[in-house]
Structures are given as C-alpha cells and as structure tokens.
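# Take a look and give me a structure for this.
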Amino acid sequence: MSEDGRRPRWVYGTGAEPDYRFSLANERTLLAWLRTALALLAAGVALDQIDLAFDDRLETALAAALVVLGIVCSAASWWRWARAERAIRQQEPLPASTLGLLLAVGAVAIGLVVLAGL
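Numbers count the residues shown, from 1 in each chain. Coordinates of the predicted model:
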C-alpha cells in the first residue's frame, strides 16, 4: 500500500505497485481524452464566435452542447483513469467505459443538427 501521500488514496492506497509502463499508458490515455475535451471546448467557443447562417439561438445551443460535452469528457476521463489505475493496482480486469459512446452520440447529434441547418 502507498504511504507516500499520493492522491487519491482510494486509487493509490490499494493493491500493489504495478509495472510503471501500465500506469504511464493509462496516463497517456487520460491525456488523450483531455485533448479531446479541450477540442470540444474550443469548438464550442469558436461556434459561438463565428457568425454562421443559423438562428442565433441554434448557434448558442450547439455551442453550449459542445462545451457541455467538453466538460463531461474532462470529468469522465479523470474518473476513467482512476478506475483503470485502481484495477491495474489490484490486478483486476479493466472496467468498462461508456465515455467513447457518449461522445460519439453527442458528436453525431450535433453534426446532424449542423448538417440540417446548412
């Protein structure tokens, strides 16, 4: 068990110290999801600032949806990292994640609305 003060304790305070390569791979996955979250946030801001041929309320709603997806992606990616790290430390199967499905459905829905408005 970890007594070195690493947080969160519910992740690091359990199981055995894994091969660092697994932890680093898990961290790289977290960073990839965070890049996706930043891209969604940037797309939401851009959509709000660029004047398209849509109704202003629709543009605002689409921008807000992208920002919300970015926020959800950020939070869910950290939660996914923590659950995976804990599973690695306990030598258990990696937990399932619905983050990819959520983002895919959100992106398709926003894309279809944009396509319909073109």
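
# Centroid-nearest residue for this structure?
In the chain, the residue lying closest to the centroid (CA atoms, centre = their mean) is Cys73, at 2.7 Å.

# I'd say that one and Ala32 touch.
No: between Cys73 and Ala32 there is no contact under CB atoms under 8 Å: 10.7 Å. (C-beta placed from N, C-alpha, C; glycine too.)

# which SS class is Leu112?
Look at Leu112: counting by DSSP: H, G, I helix; E, B strand; the rest coil, its state is helix.

# where's it relative to Ala65, distance?
Counting by CB to CB, to the nearest Å, the gap from Leu112 to Ala65 is 12 Å.

# I'd like the average pLDDT over stretch 74-85.
The average pLDDT within stretch 74-85 is 96.

# Equivalent analysis for stretch 93-110, please.
Mean predicted confidence for stretch 93-110 is 94.

# for the strand or helix carrying Ala87, which positions count as buried?
Using DSSP states H and E, the element containing Ala87 is helix 56-89. Buried residues in helix 56-89, counted by 16 or more other CB atoms under 10 Å: 59, 62-63, 65-67, 69-70, 72-74, 76-77, 80-89.
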